[in-house]
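Enquirer: sequence-free structure coming up:
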């Protein structure tokens, strides 16, 4: 199989959410001794980006998004040992600590953002739901994260997003860790008001916002 | 009670209630607690809210049991009290039910996903919903409303479970996003497909709630009406919530704009109308004038 054909096949496998095909093509790329970073950048990444576009347009929904993100994960798991062997560091786009703030058990949106960030080449530390504000900050320090993503579905728990930023300021970490906020009641206006670095209405826009704050 | 809720729906348009969570919060409900726990701990508060809706003109109120499935309660470690909390939810609503009023047992989504997106199987969902429905039925709910469903499969699990344990009418509302191609749930179920499947199951009234404001809801009602002759339920949000720097919550539509679209919702074919997030007894009082005309 020609390289171009292989890359196109990879892109298609991700878009259509076919896991075993996405894995097989990864193995084929290894066998053909292709430049694996190129395979990722020109095959897998465009695939997951198209999935995001389809979702934003309303052609794809949550199941397609999750399936494609899982295909991506499975293919990366095939490639990773080879990358390690060749001592190739795939450049992480950045490290995120993510969670739903204290008092809020809603995690569907947060999970989606986490899997799309991860599928798009970010390292993701997922703290789950109902996470104490202090824990976000401590984990960000411990894991040397670049940014923190705070999710809240409720107007009451959304105040936790502001508290997290206040805590960062108190500990002189404001600016060191960038902050993205999301959730139904959040908005750009709210993000500006509390001093967050970005707001995203959905998981795809979260990826874009993350890239923006990482300067990519 | 002289006639059933279904008989009333056949006679005239029926008015449900509005938002519940915000009413609880206004009465001191703490962040992060389990709303259903107040059915036992602070029943007088829950009753007061139901009464305020009945007083505003609601024909039926929905019980404080939206998150009362055993799976959802498990996130508060209260799954063992599923039956008790739901039974209490229906009982306290009944205590303030006026002559000619109805109590609808609210059943919201689990917040989890079925396989392959999630960890749960259909029998597990059914079991969690059955326990809830049993409690609501034993607390003497007049009907059940499986609401805000974003996955048709989950909605059908709840329906099967409810019917197995309760001999009262079971209605289903889904929650839809508006995309260029039409109205779809989070999982990608179209409004057409949901109506079709639910009608096939013999659900006596179907519809939509939450997510959409009253303007989009009017359009969705039109889509649903083209698909079915069943009674249609419509409960729109008052737009999108936002929080001011001072912590004041407001909804983008506001009362007057919200009400402007209610006649269209009725004209497009809704028979059971209520509010959802961002609405309160003031909304319902004004909606009563528009909804409760003999038809």
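Expert: Perfect, I can see it now. Because the structure is a prediction, the values reported are computed rather than measured. Numbering: from 1, shown residues only, chains lettered A, B, ... in the order given.

Enquirer: ranges for the strands of the chain?
Expert: Let's take chain A. Secondary structure of chain A (DSSP state E): strands at A:95-100, A:123-126, A:147-151, A:178-182, A:198-199.

Enquirer: looking at chain B here, not the other one
Expert: Along chain B, the stretches classed as strands by DSSP E are B:14-15, B:60-62, B:102-107, B:143-149, B:170-174, B:177-179, B:182-184, B:206-213, B:232-237, B:241-243, B:249-251, B:272-275.

Enquirer: Of those, which is nearest chain A?
Expert: Ranking the strands of chain B by their distance to chain A (criterion: Cβ to the nearest Cβ) puts strand B:177-179 first, at 2.6 Å. (Each C-beta comes from the backbone N, C-alpha and C, glycine too.)

Enquirer: Adjacent strands (with direction) for that closest one?
Expert: strand B:182-184 (antiparallel) (DSSP bridges).

Enquirer: what does the strand it pairs with rub up against?
Expert: Under the contact criterion Cβ atoms under 8 Å, 6 or more residues apart in numbering or on different chains, strand B:182-184 has outside partners A:58, A:61, B:176, B:177, B:190, B:191, B:192, B:208, B:220, B:223.

Enquirer: The residue in chain A that chain B sits nearest to: neighbouring residues, count only.
Expert: Closest residue of chain A to chain B, Cβ to the nearest Cβ: residue A:58 (2.6 Å). By other Cβ atoms under 10 Å in any protein chain shown, 15 other residues sit near residue A:58.

Enquirer: list the contacts for residue 90?
Expert: Defaulting to chain A. Residue A:90 is in contact with A:37, A:40, A:83, A:121, counting by Cβ under 8 Å, 6+ apart.

Enquirer: actually it's chain B I care about, not the one you picked
Expert: Neighbours of residue B:90 in contact, by Cβ under 8 Å, 6+ apart: B:63, B:65, B:103, B:105, B:135, B:136, B:137, B:138, B:139, B:140, B:141.

Enquirer: Excluding covalently adjacent residues, which one is nearest to the third one?
Expert: In this structure, residue B:103 finds its nearest non-sequential neighbour in residue B:93, 4.3 Å apart by Cβ to Cβ, 6 or more residues apart in numbering or on different chains.

Enquirer: Output the longest helix belonging to chain B.
Expert: Longest helix in chain B, counting residues (DSSP state H): helix B:122-138.

Enquirer: Now do that one against strand B:170-174, angle only.
Expert: Between helix B:122-138 and strand B:170-174, the angle comes out at 120 degrees (axes from the mean of the first three to the mean of the last three Cα atoms, to 10 degrees).

Enquirer: Which positions in chain A make contact with chain B?
Expert: Proximity of chain A to chain B, by Cβ under 8 Å from any Cβ of the partner chain, involves residues A:57-64, A:66-67, A:102-108, A:129-130, A:154-159, A:184-185, A:187, A:189-190, A:193-194.

Enquirer: Roughly how far does residue B:61 sit from residue A:89?
Expert: As judged by Cβ to Cβ, to the nearest Å, residue B:61 and residue A:89 stand 60 Å apart.

Enquirer: If you count surrounding residues, which of those two has more?
Expert: Comparing residue B:61 with residue A:89 by other Cβ under 10 Å, the one with more neighbours is residue B:61, at 28 against 9.

Enquirer: what are the bridge partners for that one, then?
Expert: Partner residues in beta bridges with residue B:61, using DSSP bridges, are residue B:103.

Enquirer: and it, what does it touch?
Expert: Contacts of residue B:61 by Cβ under 8 Å, 6+ apart are B:16, B:17, B:50, B:53, B:54, B:93, B:97, B:101, B:102, B:103, B:104.

Enquirer: and of those, the nearest to residue B:156?
Expert: Each of the contacts of residue B:61 was scored against residue B:156 by Cβ to Cβ, and residue B:104 proved nearest at 19.2 Å.

Enquirer: quick check: domain ranges of chain A?
Expert: The domain map for chain A lists A:3-85, A:95-213, with the assignment taken from automatic domain parsing.

Enquirer: winner for burial among those?
Expert: Across those, the average number of neighbours (mean count of other Cβ atoms under 10 Å in any protein chain shown) peaks for domain A:95-213, which reaches a mean of 21.

Enquirer: picking up where we left off before, mean pLDDT for the domains of chain A - can I get that in a markdown table?
Expert: Below are these laid out as a markdown table (pLDDT from 0 to 100):
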| stretch | mean pLDDT |
| --- | --- |
| domain A:3-85 | 94 |
| domain A:95-213 | 93 |
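
Enquirer: Now do the helices in the chain.
Expert: Because you didn't say which chain, this covers chain A. For chain A, applying DSSP H gives helices covering A:3-15, A:19-31, A:36-39, A:45-57, A:62-85, A:108-119, A:133-142, A:159-170, A:188-194, A:203-213.

Enquirer: Oops, wrong one, chain B.
Expert: B:5-11, B:21-26, B:38-41, B:43-56, B:70-74, B:82-95, B:122-138, B:152-165, B:191-200, B:214-227, B:254-260, B:262-267, B:281-291.

Enquirer: For the shortest one, enumerate the helices and strands it packs against.
Expert: The reference is to helix B:38-41. Contact analysis of helix B:38-41 by 3 or more Cβ pairs under 8 Å, 6 or more residues apart in numbering or on different chains; DSSP states H and E lists helix B:43-56, helix B:82-95 as its packing neighbours.

Enquirer: what comes up buried for that helix?
Expert: Buried positions in helix B:38-41, judged by neighbour count with 16 or more other Cβ atoms under 10 Å in any protein chain shown: B:38, B:39.

Enquirer: cool, the last one as well?
Expert: Within helix B:281-291, the residues that qualify as buried are B:281, B:283, B:284, B:285, B:286, B:287, B:288, B:291, counting by 16+ other Cβ under 10 Å.

Enquirer: Pick out whichever of these sits closest to residue B:237.
Expert: Closest approach between those and residue B:237, by Cβ to Cβ: residue B:283, at 10.9 Å.

Enquirer: Residue B:252 touches residue B:215, doesn't it?
Expert: No. Because the distance of 10.9 Å does not satisfy Cβ atoms under 8 Å, residue B:252 is recorded as not touching residue B:215.

Enquirer: how about stretch B:265-276 against chain A, any contact?
Expert: No. Against chain A, stretch B:265-276 shows no contacts by Cβ under 8 Å from any Cβ, the least distance being 12.7 Å.

Enquirer: In JSON lines, list the buried residues of helix B:281-291 along with pLDDT and distance to residue B:264.
Expert: Output for those, formatted as JSON lines (pLDDT from 0 to 100; distance: Cβ to Cβ, whole Å):
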{"residue": "B:281", "pLDDT": "98", "distance to residue B:264": "23"}
{"residue": "B:283", "pLDDT": "98", "distance to residue B:264": "16"}
{"residue": "B:284", "pLDDT": "98", "distance to residue B:264": "18"}
{"residue": "B:285", "pLDDT": "98", "distance to residue B:264": "20"}
{"residue": "B:286", "pLDDT": "98", "distance to residue B:264": "15"}
{"residue": "B:287", "pLDDT": "98", "distance to residue B:264": "13"}
{"residue": "B:288", "pLDDT": "98", "distance to residue B:264": "17"}
{"residue": "B:291", "pLDDT": "96", "distance to residue B:264": "13"}
